[in-house]
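Q: Kindly generate the corresponding structure for this input.
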Amino acid sequence: MTATTVNYNVSRTAIGAEQYRAVIEITSTTNGLELELFVFDTATDAFVCVATPYQLEVIPNNKPDAITGGDLYYRGSTVLRDFTGTYGAQQFIEGTVQRISYLCVAIDRAAFPYTGTTTGEAPGAYGDLYPTDVSSSGTTEELSSIVLKAGDTFALPMRWSVAGVYIDLSGYTITSSVRRRTDETNGSPIDTLTCTADPDQTANKGKFEVTATDVQTALWPITTLLCDVRLDNGVEVTHTESFEIVVRRAVT
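A: Prediction:
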């Protein structure tokens, strides 16, 4: 199979005094990749991120299906955002296009698995969510780095599995916290996150979400934080691999 490619149209248009509209439209793809690569909030239609491979599998590619299924997010092929000044619009375009290229790499890596170890920071994007499977082996490669603007709502859907089998989280106590990366060995957590298991663990075994409010993240330091998740079923306690949350200062 040849490398996955995505073709798109990009525009940055003046719509008023110092107001600019950035538009990115996916026009074609290869290797059967769907055009709907952008994730949106079902309730508000707000752009969330460029999809990850996992999101492509689990998030509907249209809003009606998301509404019918009670999904929090849906996917679309065009994203539009307005900015004051050209800088924000250009940064959004460049960051989103870069994330599309990362998605293609991730898809090809899944098609041609790499055997061995990898190092380095996984790329983030503006407001990215990184829903992912996490297993008892602690493998959370796709979660190695998340970029978040201070004052943004943080929401991270996850799914727990052991030996490839999703685990019913009924009766589990799930907790999570963040601390400064520089305080990994002896620092105290700076905040506690909310962990909520999907209420239907029959249909959605292993699914849960880790969240923090905009009020919480507004108080987070502008630095790199470490986070993990603790799962306790009353008999065995397991932690996910640690992952980074890179906190940046909002411009607007």
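Q: Kindly state the beta-bridge partners for residue 243.
A: residue 227 (DSSP bridges).
Q: That one: how many residues sit nearby?
A: By other Cβ atoms under 10 Å, 22 other residues sit near residue 243. In this view, the C-beta of every residue, glycine as well, is placed from N, C-alpha and C.
Q: and if you look at residue 54?
A: For residue 54, the neighbour count with other Cβ under 10 Å is 18.
Q: next one: the longest helix seen in the chain to chain centre, how far?
A: If you go by DSSP state H, the chain has its longest helix at helix 86-111. Taking Cα atoms, centre = their mean, to the nearest Å, the mean C-alpha location of helix 86-111 is offset from the chain mean by 13 Å.
Q: Name the residues of it that are buried.
A: Residues of helix 86-111 classed as buried by neighbour count (16 or more other Cβ atoms under 10 Å): 88-89, 92-93, 95-96, 99-100, 103-104, 106-107.
Q: Tell me the secondary structure at residue 55.
A: helix (DSSP: H, G, I helix; E, B strand; the rest coil).
Q: Next one, pLDDT for it please.
A: The per-residue pLDDT reported for residue 55 equals 82.
Q: before we move on, what about residue 76?
A: 96.
Q: Do you have the helices of this protein handy? List them.
A: Under DSSP H, the chain gives helices at 53-58, 63-69, 86-111, 214-217.
Q: sorry, back to before: same for the longest helix of the chain, what does it pack against?
A: strand 6-16, strand 19-29, strand 47-50, helix 53-58, strand 78-84 (3 or more Cβ pairs under 8 Å, 6 or more residues apart in numbering; DSSP states H and E).
Q: so which of the helices of the chain comes closest to residue 158?
A: Smallest distance to residue 158 across those (Cβ to Cβ): 9.8 Å, for helix 53-58.
Q: Which residue in the buried residues of helix 86-111 has the weakest pLDDT?
A: Lowest pLDDT of the buried residues of helix 86-111: residue 106, 74.
Q: Was I right to think that one contacts residue 54?
A: No - counting by Cβ atoms under 8 Å, residue 106 sits too far from residue 54 to count as a contact (9.5 Å).
Q: Residue 97: what's it in contact with?
A: 8, 10, 24 (Cβ atoms under 8 Å, 6 or more residues apart in numbering).
Q: is it true that the last one touches residue 10?
A: Yes - if you go by Cβ under 8 Å, residue 24 and residue 10 touch, sitting 5.3 Å apart.
Q: Now list whatever residues contact both of these two.
A: Both residue 24 and residue 10 are in contact with 93, 97, where contact means Cβ under 8 Å, 6+ apart.
Q: neighbour count winner among these two?
A: Counted by other Cβ under 10 Å, residue 24 and residue 10 do not tie: residue 24 has more neighbours, with 23 against 12.
Q: roughly how far apart are the more buried one and residue 94?
A: Separation of residue 24 from residue 94 (Cβ to Cβ, to the nearest Å) stands at 11 Å.
Q: coming back round to it: determine which two of the buried residues of helix 86-111 are furthest apart.
A: 88 and 107 (28.7 Å).
Q: Can you say which of the helices of the chain is nearest to residue 251?
A: Comparing the helices of the chain by Cβ to Cβ, helix 86-111 comes nearest, at 6.3 Å.
Q: quick one, that closest one and strand 6-16 angle?
A: Calculated by axes from the mean of the first three to the mean of the last three Cα atoms, to 10 degrees, helix 86-111 forms an angle of 160 degrees with strand 6-16.
Q: Which residue ranges make up each domain of the chain?
A: Structurally, the chain divides into domains by automatic domain parsing as follows: 6-111, 132-248.
Q: Which of the ones you listed comes out lowest on mean pLDDT?
A: Within those, confidence is poorest for domain 132-248, with a mean of 81 (mean pLDDT).
Q: wait, isn't residue 48 in contact with residue 40?
A: Yes - Residue 48 is in contact with residue 40 according to Cβ under 8 Å; the separation is 6.1 Å.
Q: which neighbours do those two share?
A: residue 73.
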